[in-house]
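K.L.:
sequence? don't have it. structure:
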């Protein structure tokens, strides 16, 4: 059997026969790297699938059309026709560049609804998640759910300190989920300040993985939390998205050991080289974007909808809240806005799309965050997915999914929503 995931971080249960199950990504199975320079090759189906009889594709709602097309074409070309099942929740965040092909394919196939939720047994938490999955919550519903766990009118530094205290108390990492890389960096910088790391230390630190979009140099200090960004050693758990705690330095900030928080395995973090650049395959792990967190699970953490002017894209609120195991583990920083909890799907008449006066902040401006609004949400902030800038001509209109801007006619342009008309 083969279990396909959009990310490599996955821990199999300790049951009989589990050693016969292979866990990999589509990129790993089809043997190509992102960004996909092999787009010039028409097709070369992998022989690895010849040994697979059962394929389970999980989290397929995250895949771009091009990746799904490659996988489906490869499966169809296998002479032994392996049985293939797809698991997807199309109410979560949609693919960054272009999606919908997998959903249309699944609509024509035999389906079975999975009602059991294994991430949480908290009934109040599950009820709220089920509601925001399909409809925008009322203000009263939000206030009742978050209660005293809504950190409003508090300094970010103070809230990060509280989160780190909760992490030590529960012996579980406290995860901050943001909309933008800038927001994640601000949280990480506050945490590092509490760990005694100065600006001079960061300036002289070793470069982090450019794919993480972080501008913070890597500084080693025992106890600091790092997020691994490359699949360096799958057998030991050194995979993209795994979290580790610094243990011992072997060569300053350049080479050090770290303990994986999920398994306790020790891994060696050392420089790697790619396209002439040398860096460490990691970044700081105190905060990450909501899109990168899709598919992950956390004991507790805080959600920060850090966009200034525009609301978060559809699905962000549901994905963020559903990452946590219980209601008491979900905290909210900043303004409480209904517009940050819009579900995936078509616009409804009863939905609130504009931020009210009380939702604005003194730092709001008309530009920051527009790249995360509507159909372009996540394009610049998500480095864990393929960048198609070299291989496709994506329409630049917000909210559009077409892949060829030359075909963007005047009639088609009129169908787009002007973000300036959607916000105050």
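P.N.:
Received the coordinates, thanks. Just so it is clear, the model here is predicted, and its values are computed rather than measured.
K.L.:
how close does residue 152 get to residue 270?
P.N.:
To residue 270, residue 152 is 43 Å away according to Cβ to Cβ, to the nearest Å. In short, each C-beta sits where N, CA and C put it, glycine included.
K.L.:
the more surrounded of those two?
P.N.:
residue 270 (15 against 10; other Cβ atoms under 10 Å).
K.L.:
Might you report the residue contacts of that one?
P.N.:
By Cβ atoms under 8 Å, 6 or more residues apart in numbering, the contact list for residue 270 reads 254, 255, 280.
K.L.:
Okay, and the beta partners of the second one?
P.N.:
Residue 255 has the following beta-bridge partners by DSSP bridges: residue 251.
K.L.:
Among the contacts of residue 270, which one sits closest to residue 352?
P.N.:
Residue 352 has its nearest neighbour among the contacts of residue 270 in residue 280, at 43.5 Å by Cβ to Cβ.
K.L.:
Kindly state the beta-bridge partners for the residue lying closest to the closest one once chain neighbours are set aside.
P.N.:
Excluding the flanking residues, the one nearest residue 280 by Cβ to Cβ, 6 or more residues apart in numbering is residue 218, at 4.9 Å. For residue 218, the beta-bridge partners are residue 206 (DSSP bridges).
K.L.:
mind checking pLDDT for residue 218?
P.N.:
Residue 218 carries a pLDDT score of 97 in this model.
K.L.:
what about it, neighbour count?
P.N.:
25.
K.L.:
Quick check: it vs residue 202, distance?
P.N.:
Applying Cβ to Cβ, the value for residue 218 to residue 202 is 9 Å.
K.L.:
lowest average confidence, helix or strand, in the protein?
P.N.:
Lowest on mean pLDDT, DSSP states H and E among the helices and strands of the chain sits helix 419-422, with a mean of 37.
K.L.:
Need the nearest residue in space to the residue of the chain positioned farthest from its centre, chain neighbours excluded.
P.N.:
Note on the chain: the largest C-alpha distance from the chain mean falls to residue 79, namely 35.5 Å (Cα atoms, centre = their mean). Nearest-residue entry for residue 79: residue 50, 7.9 Å, with adjacent residues in sequence omitted and distances by Cβ to Cβ, 6+ apart.
K.L.:
any idea how far the one you found is from residue 104?
P.N.:
Distance of residue 50 to residue 104, computed by Cβ to Cβ: 28 Å.
K.L.:
same deal with residue 92?
P.N.:
Separation of residue 92 from residue 104 (Cβ to Cβ): 17 Å.
K.L.:
and what of residue 280?
P.N.:
41 Å.
K.L.:
which sections of the protein are below the confidence cut-off?
P.N.:
Applying pLDDT under 70 to the chain flags the ranges 1, 4-14, 18, 31-46, 94-97, 115-118, 356-424.
K.L.:
Would you state the helices of it in chain order?
P.N.:
Secondary structure of the chain by DSSP state H: the helices cover 26-30, 65-76, 101-107, 123-134, 139-146, 156-170, 181-194, 199-203, 290-293, 316-321, 410-413, 419-422.
K.L.:
Take those and write them to a markdown table, including distance to residue 345 and mean neighbour count.
P.N.:
Shown next, in a markdown table, are the helices of the chain (distance: least, Cβ to Cβ, whole Å; neighbours: other Cβ atoms under 10 Å):
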| stretch | distance to residue 345 | mean neighbour count |
| --- | --- | --- |
| helix 26-30 | 26 | 19 |
| helix 65-76 | 19 | 18 |
| helix 101-107 | 12 | 15 |
| helix 123-134 | 8 | 17 |
| helix 139-146 | 19 | 15 |
| helix 156-170 | 32 | 16 |
| helix 181-194 | 26 | 21 |
| helix 199-203 | 42 | 12 |
| helix 290-293 | 18 | 26 |
| helix 316-321 | 11 | 26 |
| helix 410-413 | 21 | 9 |
| helix 419-422 | 16 | 13 |
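K.L.:
Need the nearest residue in space to residue 219, chain neighbours excluded.
P.N.:
Computed as Cβ to Cβ, 6+ apart, the closest residue to residue 219 that is not its neighbour in sequence is residue 205, at 4.2 Å.
K.L.:
which residues touch that neighbour?
P.N.:
Taking Cβ under 8 Å, 6+ apart, we find residue 205 in contact with 216, 217, 218, 219, 253.
K.L.:
Just name the closest of these to residue 263, please.
P.N.:
Checking the contacts of residue 205 against residue 263 with Cβ to Cβ, the nearest one is residue 218 at 22.0 Å.
K.L.:
Surely residue 292 touches residue 229?
P.N.:
No. Between residue 292 and residue 229 there is no contact under Cβ atoms under 8 Å: 9.8 Å.
K.L.:
shared neighbours, these two?
P.N.:
Jointly contacting residue 292 and residue 229 under the rule Cβ under 8 Å, 6+ apart are residue 241.
K.L.:
related to what we said a few turns ago, and the gap between the residue nearest to residue 79 and residue 354?
P.N.:
From residue 50 to residue 354 the distance is 55 Å (Cβ to Cβ).
K.L.:
Then residue 137?
P.N.:
Counting by Cβ to Cβ, the gap between residue 137 and residue 354 amounts to 16 Å.
K.L.:
the more surrounded of these two?
P.N.:
residue 137 (20 against 11).
K.L.:
if I look at that one, how far off is residue 262?
P.N.:
Remark: distance between residue 137 and residue 262 (Cβ to Cβ) = 32 Å.
K.L.:
Next: residue 297.
P.N.:
Noted for residue 297: a distance of 10 Å to residue 262, by Cβ to Cβ.
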